[in-house]
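[1] Model the structure of this input:
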Amino acid sequence: MPYYEKIKEYNNLEQRDIWEYDLDLTQEQIDRLVLHAFELKDSYSDYFFFKENCSYNILWLLEVARYDLNLVSHFIFKTVPLDSIKILKPYNLIKDSRFRYSNMRKMKNILEEKIENKEHLKTYVNGILVSTLSYTGAPISCSGLLIGRGFYGGTLNYAGRVGFVRYYNRALSAAELTRNFEALRGRYGL
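    Below you'll find the model as predicted:
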């Protein structure tokens with residue numbers, strides 16, 4: 001699978017945040033790492049969530065790339081990705097890093113930062129107020145934003161279709177809601 005496809009899968013489908021690291025390796029070391037990875041293409045290894053996971057296997061590859069590294073011996077019982085990154089620092093292997101937000105984190109940040117009237121969130125359906133929610137804190141959690149589905153399960157699922165969803169950083173007046181609804185209702189046959 002191409003790298004950009006894996007990024008889309010992690011960020012969009014699985015809602016994972018991703019850290020990317022540029023490593024300080026020579027071209028010869030990169031070539032050795034790539035050739036060794038190619039040699040392993042038909043190999044099989046067991047995957048253990050806490051110990052011999054992706055992070056652990058990357059450390060093995062880095063040891064192949066640079067003979068002076070001693071990385072995997074530091075992990076006896078568990079290998080956590082963050083600990084793997086920390087072990088690279090004494091070797092000055094990390095040149096740069098980038099953080100890719102998942103779509104869910106982007107939406108959560110937009111809602112947390114842009115909504116000014118956080119005491120009350122109002123839900124309108126076809127221009128009619130159907131609920132008001134009072135709360136403190138973030139308007140949604142990373143567990144997901146449910147649109148057209150009952151929050152507590154059961155049979156509260158919406159059987160129609162959702163034409164559009166808009167978020168505003170302020171409460172709209174009744175006149176603004178009506179104007180927005182009237183402007184778009186013909187498009188959705190309402």
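[2] Now do the helices in this protein.
    In the chain, the segments counted as helices under DSSP state H are 3-8, 27-39, 54-65, 81-88, 103-114, 174-184.
[3] Among those helices, which comes closest to Phe75?
    Across those, Phe75 has its closest neighbour in helix 54-65 (6.3 Å, C-beta to C-beta). Backbone N, C-alpha and C define where each C-beta goes, glycine included.
[4] Read off the pLDDT value for Ile94.
    As predicted, Ile94 sits at a pLDDT of 91.
[5] for Leu146, that is, sorry about that
    Looking at Leu146, its pLDDT reads 55.
[6] and what of Thr79?
    Looking at Thr79, its pLDDT stands at 79.
[7] ok, now the one 5 residues further on?
    Confidence per residue is given as pLDDT, and for Ser84 that number is 84.
[8] what's it in contact with, if anything?
    Shown in contact with Ser84 (C-beta atoms under 8 Å, 6 or more residues apart in numbering): 55-56, 58-59, 71, 75.
[9] that older thread, can the helices of the chain go into a markdown table with extra columns for distance to Ile128?
    Below are the helices of the chain laid out as a markdown table (distance: least, C-beta to C-beta, whole Å):
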| stretch | distance to Ile128 |
| --- | --- |
| helix 3-8 | 37 |
| helix 27-39 | 58 |
| helix 54-65 | 49 |
| helix 81-88 | 48 |
| helix 103-114 | 22 |
| helix 174-184 | 9 |
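[10] Comparing those, which stretch has the densest surroundings?
    Ranked by mean neighbour count under mean count of other C-beta atoms under 10 Å, the helices of the chain are led by helix 54-65, which reaches a mean of 17.
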